[in-house]
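Visitor: Here is a sequence together with a model predicted from it:
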Amino acid sequence: MMQMICRTPSAMMRRGSCVWPGARQLCLRKNLLYGFMRFLSIPLKTLRGVSRSIGISSFCRVPKMSSTLQIEVIPCLSDNYAYLLHDVDTGTVGVVDPSEAVPVMDALSRKNGNLTYILNTHHHNDHTGGNRELKEMYGAKVIGSGIDKDRIPGIDIVLKDGDKWMFAGHEVIVIETPGHTRGHISFYFPGSRAIFTGDTLFSLSCGKLFEGTPEEELAFINSGARYGEQSYSAEPFPLAQDWGTENVQDIRNLPNGSDLLSDLLMLASLKKITSLPDNTNIYCGHEYTLSNSKFALSIEPRNEELKSYAAHIAHLRKKGLPTIPTTLKREKSCNPFLRTSSAEIRQSLNILATADDAEALGIIRRAKDSF
């Protein structure tokens with residue numbers, strides 16, 4: 001529309017049909033031409049403001065661009081990954097799971113940026129070791145699970161399952177994913193199709209289980225939660241006798257540290273993650289993918305997609321490149337801990353056809369631990 005306004009007078013003059021009498025002669029004089037162009041420029045300069053009152057925006061729209069989130073992988077320690085989050089529109093910067101401060105500081109110096117937020121998936125030192133130094137250096141706010149508020153160094157903002165938090169205009173949904181630790185959470189950015197899973201889900205594996213009482217685990221297993229407009233939670237699990245485990249009358253009667261209870265807990269957390277869209281990018285806490293691929297191939301050697309992915313992993317690691325992020329779609333096709341119903345995996349590990357997913361996951365976990 002603005003181009004049409006600018007071209008109309010000159011187009012008329014070229015055709016010789018000018019609406020202003022003598023305009024051809026007037027335009028030959030520099031002072032009048034200057035005045036004429038200043039007059040013409042007034043509506044152009046004020047068009048945006050005038051549009052609010054005369055409705056020009058209805059036919060002359062300027063699209064509103066959404067913010068862009070950049071995610072940078074930062075290697076830490078021997079095999080940890082921290083993730084630098086940078087909103088290019090506002091300049092806001094955050095970091096997920098800084099196990100140490102120096103690599104994060106180096107990344108920030110390359111961007112000439114400050115640090116506003118530190119996001120922790122859980123309390124382990126190899127995910128929080130850089131908190132205090134980074135907080136002291138940049139004044140960043142530390143964010144984590146309320147369950148771990150006494151164990152996450154320097155925590156300022158506590159979140160719980162289902163909370164929605166905004167990072168520079170990007171919605172972040174908090175998903176409780178315990179198992180590896182009691183207060184483990186994952187940060188899901190639906191607009192960027194990204195989830196930071198810490199030590200719950202790795203590429204081609206899942207985390208080991210360390211914490212949780214039977215009461216806490218049962219409450220989580222049998223709970224439901226909603227994340228935004230869509231439900232991303234596992235369905236409540238039945239009591240033990242309903243899924244065929246002999247000599248167990250109720251999950252509440254299982255002893256603390258029971259393998260069966262731990263398997264159910266991890267399965268519930270994994271189901272939450274796998275209910276997200278397949279195109280979700282997964283950013284996990286460690287570079288374990290090469291060793292994980294060897295175990296996965298040992299129990300599902302005929303999986304063609306897994307073989308192709310394993311070759312790609314080996315190529316990346318040979319070049320010293322990260323294998324992360326992976327995608328949820330790929331993990332569903334290749335990760336044995338998300339493929340508990342695979343006939344080949346069950347045959348390789350002598351898992352009974354009658355065994356449910358929790359039992360199968362437990363057998364896969366113990367096979368991986370001894371691999």
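Guide: That came through, no problem. Please read these numbers as outputs of a predicted model, since none were measured by experiment.

Visitor: What ranges in the stretch 151-300 of the chain fall below the confidence cut-off?
Guide: 210-258 (pLDDT under 70).

Visitor: quick one, helices of it?
Guide: Along the stretch 151-300 of the chain, the stretches classed as helices by DSSP state H, counting those that start in this stretch are 214-221, 259-274, 289-299.

Visitor: Out of these, flag the one nearest Ile282.
Guide: Checking the helices of the stretch 151-300 of the chain against Ile282 by CB to CB gives helix 259-274 as the closest, at 7.8 Å. Backbone N, C-alpha and C define where each C-beta goes, glycine included.

Visitor: how about CSV for the helices of the stretch 151-300 of the chain, with distance to Ser78 added?
Guide: Below are the helices of the stretch 151-300 of the chain laid out as CSV (distance: least, CB to CB, whole Å):
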stretch, distance to Ser78
helix 214-221, 31
helix 259-274, 24
helix 289-299, 13
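
Visitor: Any stretches of the stretch 1-150 of the chain with poor pLDDT?
Guide: Applying pLDDT under 70 to the stretch 1-150 of the chain flags residues 1-67.

Visitor: That one: strands as residue ranges?
Guide: For the stretch 1-150 of the chain, applying DSSP state E, counting those that start in this stretch gives strands covering 69-76, 80-87, 93-96, 117-119, 141-145.

Visitor: Please identify the most buried of the helices of the stretch 151-300 of the chain.
Guide: Highest mean neighbour count of the helices of the stretch 151-300 of the chain: helix 259-274, a mean of 23 (counted as mean count of other CB atoms under 10 Å).

Visitor: Alpha carbons of stretch 69-81, in PDB - could you do that?
Guide: Output of stretch 69-81 as PDB, limited to C-alpha atoms (Å, rounded to 0.1, in the frame of the first residue of the first chain):
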ATOM      1  CA  LEU A  69      15.400 -19.300  21.100                       C
ATOM      2  CA  GLN A  70      18.900 -20.400  20.300                       C
ATOM      3  CA  ILE A  71      20.200 -23.500  22.200                       C
ATOM      4  CA  GLU A  72      24.000 -24.100  22.500                       C
ATOM      5  CA  VAL A  73      25.500 -27.300  23.700                       C
ATOM      6  CA  ILE A  74      28.300 -26.700  26.300                       C
ATOM      7  CA  PRO A  75      30.500 -29.700  27.200                       C
ATOM      8  CA  CYS A  76      31.400 -29.900  30.900                       C
ATOM      9  CA  LEU A  77      33.500 -32.200  33.000                       C
ATOM     10  CA  SER A  78      34.100 -35.500  31.200                       C
ATOM     11  CA  ASP A  79      30.800 -36.200  29.700                       C
ATOM     12  CA  ASN A  80      28.200 -33.700  31.000                       C
ATOM     13  CA  TYR A  81      26.300 -31.200  28.900                       C
END
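
Visitor: hey, where'd the strands end up in the stretch 251-371 of the chain?
Guide: According to DSSP E, counting those that start in this stretch, the strands that the stretch 251-371 of the chain contains are 281-284, 326-327.

Visitor: related to what we said a few turns ago, looking at the strands of the stretch 1-150 of the chain, spot the one closest to His127.
Guide: Here strand 80-87 is closest among those (CB to CB), at 7.4 Å.

Visitor: so what does that closest one touch, helix or strand wise?
Guide: Counting contacts by 3 or more CB pairs under 8 Å, 6 or more residues apart in numbering; DSSP states H and E, strand 80-87 packs against strand 69-76, strand 93-96, helix 102-111, strand 281-284.

Visitor: Only the buried residues of the longest one, if you could.
Guide: Buried residues in helix 102-111, counted by 16 or more other CB atoms under 10 Å: 103-105, 107-108.

Visitor: any idea which of these is the one closest to Gln347?
Guide: Pro103 (43.5 Å).

Visitor: so who does that closest one touch?
Guide: Residues near Pro103 by CB atoms under 8 Å, 6 or more residues apart in numbering: 74-76, 82.

Visitor: hmm, 10 Å instead?
Guide: Neighbouring residues of Pro103 by CB atoms under 10 Å, 6 or more residues apart in numbering: 74-77, 80, 82, 84, 95, 130.
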